[in-house]
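> sequence isn't available, so here's the structure alone:
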């Protein structure tokens with residue numbers, strides 16, 4: 001008997017037919033970008049500074065007496081290429097995030113990220129719509145603003161609703177205990193994930209939600225409307241968040257301030273403190289061309305195309321058998 005019962009666990013977690021579908025989708029992706037003269041790049045998985053976002057935790061290891069991180073996305077390195085004059089680029093790569101396991105999450109996953117010079121987030125939404133129709137043959141997408149979708153499903157304006165009213169609605173709708181210490185964006189995110197996203201499952205086409213609250217800008221530009229909004233979007237298919245795109249922030253001082261704010265929030269939450277990426281800041285100081293970028297989960301894309309219920313069904317080997 002070889003290794004006890006472990007000999008039974010060598011089989012792939014995905015059917016070979018679904019792995020072939022995955023390969024076909026990757027071919028379609030590369031064809032899509034080749035037709036648009038957007039060239040493929042490759043950047044390191046290792047980095048000396050991870051993202052500062054308090055809610056993204058990078059895996060780390062020690063090598064040569066230094067702490068290194070495994071990328072949660074190739075964004076920072078790709079922006080350095082953009083600052084160096086690469087032009088529009090894309091990358092298909094592995095990304096890693098700690099403690100993300102579930103039907104739609106896996107600690108190791110495949111990401112597509114691309115940047116189009118001269119685009120804003122509306123231009124990129126249009127290209128993203130073309131991409132989905134080309135790669136997995138979706139119907140043309142619908143676009144709705146963050147404010148419109150909250151008004152449609154919850155009859156509230158997410159930008160102007162009073163904090164206390166927002167808290168009460170979230171507690172009632174999502175079953176949140178009154179003693180939970182959450183901020184305004186936490187309540188909005190709960191309403192989005194628990195109330196709005198399930199309503200999108202029956203949509204017959206992709207749904208683009210755009211112009212988020214300025215407090216959720218991440219690395220996106222903020223447009224000074226009344227109220228100001230972040231020029232970013234998210235893409236949903238069958239209620240599943242598939243991609244996240246920005247009209248990219250180019251102001252190095254604003255970027256440094258946002259890094260500082262992230263680190264302060266990490267301190268308040270007693271989360272690990274991480275270094276900020278000074279390579280990125282130096283690149284931004286030299287000048288990032290006006291552009292829009294988007295990150296898309298390829299595993300989720302394949303899962304949707306294969307009509308499966310979990311990422312494990314379309315990955316050759318999930319985290320339980322490696």
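Ah, there it is. For clarity, every value in this text was computed on a predicted model and none was experimentally measured.
> could you pull out the strands in the stretch 151-300 of the chain for me?
When assigned using DSSP state E, counting those that start in this stretch, the strands of the stretch 151-300 of the chain occupy the ranges 207-213, 222-223, 229-237, 240-247, 291-297.
> dump the ones you listed to JSON lines, plus mean pLDDT, mean neighbour count and distance to residue 148.
Where C-beta positions appear, they are placed from N, C-alpha and C, glycine not excepted. Formatted as JSON lines, those follow (pLDDT from 0 to 100; neighbours: other Cβ atoms under 10 Å; distance: least, Cβ to Cβ, whole Å):
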{"stretch": "strand 207-213", "mean pLDDT": "98", "mean neighbour count": "22", "distance to residue 148": "9"}
{"stretch": "strand 222-223", "mean pLDDT": "96", "mean neighbour count": "17", "distance to residue 148": "16"}
{"stretch": "strand 229-237", "mean pLDDT": "98", "mean neighbour count": "23", "distance to residue 148": "12"}
{"stretch": "strand 240-247", "mean pLDDT": "97", "mean neighbour count": "22", "distance to residue 148": "18"}
{"stretch": "strand 291-297", "mean pLDDT": "98", "mean neighbour count": "24", "distance to residue 148": "21"}
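> minimum distance to residue 28: which of those has it?
strand 291-297 (13.1 Å; Cβ to Cβ).
> just checking, what packs against that closest one?
Helices and strands touching strand 291-297, as assessed by 3 or more Cβ pairs under 8 Å, 6 or more residues apart in numbering; DSSP states H and E, comprise helix 75-83, strand 108-117, helix 121-136, strand 240-247.
> how far does that strand sit from its chain's centre?
8 Å (Cα atoms, centre = their mean, to the nearest Å).
> between that strand and strand 240-247, how big is the angle?
160 degrees (axes from the mean of the first three to the mean of the last three Cα atoms, to 10 degrees).
> among the strands of the stretch 151-300 of the chain, which is nearest residue 194?
Among those, the nearest to residue 194 by Cβ to Cβ is strand 240-247 (13.3 Å).
> relative to helix 121-136, how tilted is that closest one?
Using the same axes, to 10 degrees: strand 240-247 against helix 121-136 is 140 degrees.
> for strand 240-247, which strands pair with it and how are they oriented?
Applying DSSP bridges, strand 240-247 is found paired with strand 229-237 (antiparallel), strand 291-297 (antiparallel).
> near residue 115, how many other residues are there?
Neighbour count for residue 115, taken as other Cβ atoms under 10 Å: 28.
> show me the helices in this protein, by range?
Along the chain, counting by DSSP state H, helices occupy 16-35, 75-83, 121-136, 146-154, 163-174, 184-191, 197-199, 252-268, 278-286, 298-305.
> buried residues in the fourth one, which are they?
Right, the one you point to is helix 146-154. Residues 146, 147, 149, 150, 153, 154 are the ones in helix 146-154 that count as buried (16 or more other Cβ atoms under 10 Å).
> and it, how far from the chain's centre?
21 Å.
> cool, the last one as well?
Between the mean C-alpha location of helix 298-305 and the chain-wide mean there is a distance of 14 Å, by Cα atoms, centre = their mean.
> can you say which of the strands of the stretch 151-300 of the chain is nearest to residue 282?
Per Cβ to Cβ, nearest to residue 282 of the strands of the stretch 151-300 of the chain: strand 291-297, 18.1 Å.
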